[in-house]
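>>> Sequence and computational prediction follow.
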Amino acid sequence: MSDVVTYVEAIRLALQTALGEDERVLVLGEDVGAGGAFRATRGLQEEFGELRVIDTPISEAAFTGAAVGMALDGMRPVVEFQFSDFLTSGLNAIVNTAAKMHFRSGTPVPIVIRAPAAGGFSGGPFHSQNPEAWFLRTPGLKVVCPATAEDAGILLGAAIADPNPVLFFEQKSLYTRIKGEFRYDSSAPLAGAVTRRSGDDVTLVSYGATLHLALDAATELALEGIDCEVIDLRVLCPLDFESVAASVAKTGRCLIAHEDYPEYGVAAELAARLAGELFADLDAPIARVGAHFWPIPFSPPLEQATLPDRDRIIEEVRALAQF
Amino acid sequence: VVQTPVTDVGAPASSVVRESGYWLHLIRAIETAGRRLYLQGRLPGSFYDGRGQEATSVGAALAMAPRDVACPLIRDMGVHLVRGVTCAEMFRHYLGKAGGPMEGRDGNIHLGAFDRGTIPMISHLPEMLPVGMGVALSRSRRGEAAAAIGFCGDGASAGGVFHETLNLAALWQAPLVVVVERNGYAYMTPESKYLAVPELATRAAGYGIASWSGDGNDVLEVRSLVGAALEHARSGAGPALVELFTFRMHGHGAHDDQHYVPADQLESWEEKDPLVCWRAHAERMLGWTTADQEELEARIEQEVRAGLDDALAAPYPPAEGLAASVFAA
């Protein structure tokens, strides 16, 4: 029986398990030796030494490039970016060197890039972003966004075992807020959506921190007699479109909710595919909820007015149900 | 310049002199043929050569140990040839044909094969420096005596990743040898507009790393300097920087007429051509004769002809495999 742990502790335990099980696994990034900005690497350097839990200077381009080299040589580096916003400082190594290497030369690059994403705590424009769509538009990268503590452990283990570059978007707002069982299984598939709530009236597709808003909204809507099915995408690439399609074929109504901007992102992609492939099954237009399309502001009421919340989801679902 | 003393790697064996001459002439012949194809409109994309710089990649590649790796750039064909890419494969690559090292997924002189110790470059410079460092660091931490050569133009030394990587390599004492090819131009821009110091090697002191500098057109000197730097790196003494003075005798690519390069600059470097420089060594050390030279050139001409014929006749890769190439299974 595993302990109930926080989301961030599940990540720490997954790293600890991977380091313990597989000598090829390395952790590197800024402040990781001291435990990392969110304590996800606490105690790991003491346990595994400075050559496996490697402190870096503020040199994202160089240490990400170095990790790509280590991965080419058969190691399994797990790079910690302190905030997902800082991925831009190491972008070439990710989207050009790592992502295209297997396609160009047939050599795999088994690297995991952990990137704390999401807002909700006055992090301002540079500590609150959800940059998953930047990476989803790059062939060769897998993209993961766990919404539960269980998934944080399972998907991190699966990401480390995967032979491809994986962007692992952790949700800062969930780090200490939610708890679950720690589970680790390096043979778990790095794919597949999960139905978190079954329902017949409206399909609510979400992932990451917003999943919890969607589940709250579904509970509230059930009191009004609107029965929502809530799907957690978990892995954004490869996308489990089939699970979403099966649900929407049943309900005929779909809302896609995530913290990232709906414009040009996951919701846009899903909406296009649903409209293209399930046109005859739809009883209402596909709806999207996400952050408003401007930078994430600092001031609490301004940030609140920017990010999606439970009420916006409820409102959109009501409109869908009445359509 | 703070010059690290040169480790005496000894006078090269006559076989090394002979071999280096072969590679220098082979590059010149392949690139001449490739350029002609491009100008005839028979080679897709664009064409880049390293005319005048052949000695840097050949000398550096000949200094590599079997488990060393290199990140060659667009004027470093010598590394690919020395590490086993055949003439036919090179032309198949240029033409985007099946059977090239990148199966048509990439072209120009973007190629590499990890099992041959070469890592395919991306176009963003100098992004390959940390990648090479990572491979060599990974090997050395497993107890292997391996080092990486990261090639870098003097132009790309102005990029932030150059500085990040040298700092990081020094902190980690990583076995990385950065070989700066000081060829005078970053595309159309002369070095006076991108280099604030007369010698790049002086910057090494700022990172606390060893440095060497020398004649990039003398293949034997290059082999000796890079060899010393690689030995330094493999021994665990940390990274090194080698600055090799050379000159880009052609434009950035075959489309570039070099209108911005003064004629006298080209003329003065023409005299220092790496093939001419090598021949002086060969005459002195091997008693190289005109007949030897003619025989070498004839052999290479035949080899290039055969390689080109092979590539021209080869099929293109099938498009069906593209989707399956994106991810490793």
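Noted; the coordinates are in hand.
>>> which residue is nearest the centroid of chain B?
The structure's chain B has its C-alpha centroid closest to residue B:76; by C-alpha atoms, centre = their mean the separation is 2.3 Å.
>>> Dump the helix or strand harbouring residue A:248 to PDB, restricted to CA.
Per DSSP states H and E, residue A:248 falls inside helix A:241-251. Taking Å, rounded to 0.1, in the frame of the first residue of the first chain, the C-alpha atoms of helix A:241-251 are listed here in PDB:
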ATOM      1  CA  PHE A 241      -8.300  11.500 -30.000                       C
ATOM      2  CA  GLU A 242     -10.200   8.300 -30.100                       C
ATOM      3  CA  SER A 243     -11.300   8.500 -26.400                       C
ATOM      4  CA  VAL A 244     -12.500  12.000 -26.900                       C
ATOM      5  CA  ALA A 245     -14.300  11.100 -30.100                       C
ATOM      6  CA  ALA A 246     -16.000   8.100 -28.500                       C
ATOM      7  CA  SER A 247     -17.400  10.400 -25.700                       C
ATOM      8  CA  VAL A 248     -18.500  13.200 -28.000                       C
ATOM      9  CA  ALA A 249     -20.200  10.700 -30.300                       C
ATOM     10  CA  LYS A 250     -22.200   9.700 -27.300                       C
ATOM     11  CA  THR A 251     -23.000  13.200 -25.800                       C
END
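>>> Mind jotting down where the strands sit in chain B?
B:69-71, B:148-153, B:176-182, B:185-186, B:189-190, B:210-215, B:240-245 (DSSP state E).
>>> and the ones you listed as a markdown table, adding mean pLDDT, distance to chain A and mean neighbour count?
Quick note: C-beta positions are derived from backbone N, CA and C, even for glycine. Shown next, in a markdown table, are these (pLDDT from 0 to 100; distance: least, C-beta to the nearest C-beta, whole Å; neighbours: other C-beta atoms under 10 Å in any protein chain shown):
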| stretch | mean pLDDT | distance to chain A | mean neighbour count |
| --- | --- | --- | --- |
| strand B:69-71 | 98 | 8 | 30 |
| strand B:148-153 | 98 | 8 | 29 |
| strand B:176-182 | 98 | 9 | 30 |
| strand B:185-186 | 97 | 18 | 21 |
| strand B:189-190 | 97 | 21 | 14 |
| strand B:210-215 | 97 | 19 | 22 |
| strand B:240-245 | 98 | 15 | 27 |
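>>> mind listing what the closest residue to chain B within chain A touches?
Of all residues in chain A, the one sitting closest to chain B is residue A:69 (2.2 Å; C-beta to the nearest C-beta). Residue A:69 sits next to B:119, B:130-138, B:148 when contact means C-beta atoms under 8 Å, 6 or more residues apart in numbering or on different chains.
>>> I'd assumed it was in a helix, is it?
Yes - looking at residue A:69 with DSSP: H, G, I helix; E, B strand; the rest coil, it is inside a helix.
>>> Run a quick neighbour tally on the residue nearest to it when sequence neighbours are not counted.
The spatially closest residue to residue A:69, leaving aside those adjacent along the chain, is residue B:134, at 2.2 Å (C-beta to C-beta, 6 or more residues apart in numbering or on different chains). Under the neighbour criterion other C-beta atoms under 10 Å in any protein chain shown, residue B:134 is assigned a count of 35.
>>> What is the three-state secondary structure of residue A:196?
Under three-state DSSP, residue A:196 comes out as strand.
>>> ok, so what distance separates it from residue A:130?
According to C-beta to C-beta, to the nearest Å, residue A:196 stands 20 Å off from residue A:130.
>>> out of these two, which sits in the busier spot?
Counted by other C-beta under 10 Å, residue A:196 and residue A:130 do not tie: residue A:130 has more neighbours, with 27 against 19.
>>> For that one, give me its contacts.
A:84, A:117-119, A:169, A:208, A:258-261, A:291.
>>> what's the distance between it and residue A:170?
11 Å.
>>> just residue A:107 next, same as before
28 Å.
>>> who has more neighbours, those two?
Legend: neighbour count by other C-beta under 10 Å for residue A:107 and residue A:170, higher for residue A:170 (27 against 16).
>>> So that one, which state does it fall into?
Residue A:170 ends up strand, using three-state DSSP.
>>> Quick check: chain neighbours aside, which residue is closest to residue B:171?
residue A:57 is the one closest to residue B:171 (C-beta to C-beta, 6+ apart), at 6.7 Å.
>>> Enumerate every residue touching the one you found.
A:30, A:63, B:164, B:167-168, B:171.
>>> Show me what from the stretch 101-250 of chain A comes close to chain B.
Taking C-beta under 8 Å from any C-beta of the partner chain as the contact definition, the stretch 101-250 of chain A meets chain B at A:101-110, A:139-140, A:142, A:163-164.
>>> just for the chain, where's the confidence low?
Went with chain A since none was named. Across chain A, the ranges flagged by pLDDT under 70 are A:1-2.
>>> wait, I meant chain B there
Those would be B:1-10, if you go by pLDDT under 70 across chain B.
>>> Swap in 80 and give it another go.
B:1-11 (pLDDT under 80).
>>> Any buried residues in stretch B:43-61, and which?
B:43, B:47-61 (16 or more other C-beta atoms under 10 Å in any protein chain shown).
>>> just those now: which is nearest chain A?
Using C-beta to the nearest C-beta, residue B:48 is the member of the buried residues of stretch B:43-61 that lies nearest chain A, at 17.1 Å.
>>> List the contacts of the closest one.
Residues in contact with residue B:48 (C-beta under 8 Å, 6+ apart) are B:74-75, B:108-109, B:252-254.
>>> how about a cut-off of 6 Å?
B:74, B:108-109, B:253 (C-beta atoms under 6 Å, 6 or more residues apart in numbering or on different chains).
>>> so can I have TSV of the residues you listed showing distance to residue A:8 and neighbour count?
Output for the contacts of residue B:48, formatted as TSV (distance: C-beta to C-beta, whole Å; neighbours: other C-beta atoms under 10 Å in any protein chain shown):
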residue	distance to residue A:8	neighbour count
B:74	45	19
B:108	45	20
B:109	46	23
B:253	50	16
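>>> From the residues you listed, pick the one nearest chain A.
The shortest approach to chain A among the contacts of residue B:48 belongs to residue B:108, at 12.0 Å (C-beta to the nearest C-beta).
>>> first vs last residue of stretch A:26-34, how far apart are they?
Taking C-alpha to C-alpha, to the nearest Å, stretch A:26-34 runs 16 Å from one end to the other.
>>> ok so, going back, distance to residue A:265 added to the strands of chain B, as a markdown table?
Converted to a markdown table, the strands of chain B look like this (distance: least, C-beta to C-beta, whole Å):
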| stretch | distance to residue A:265 |
| --- | --- |
| strand B:69-71 | 34 |
| strand B:148-153 | 36 |
| strand B:176-182 | 39 |
| strand B:185-186 | 37 |
| strand B:189-190 | 39 |
| strand B:210-215 | 48 |
| strand B:240-245 | 43 |
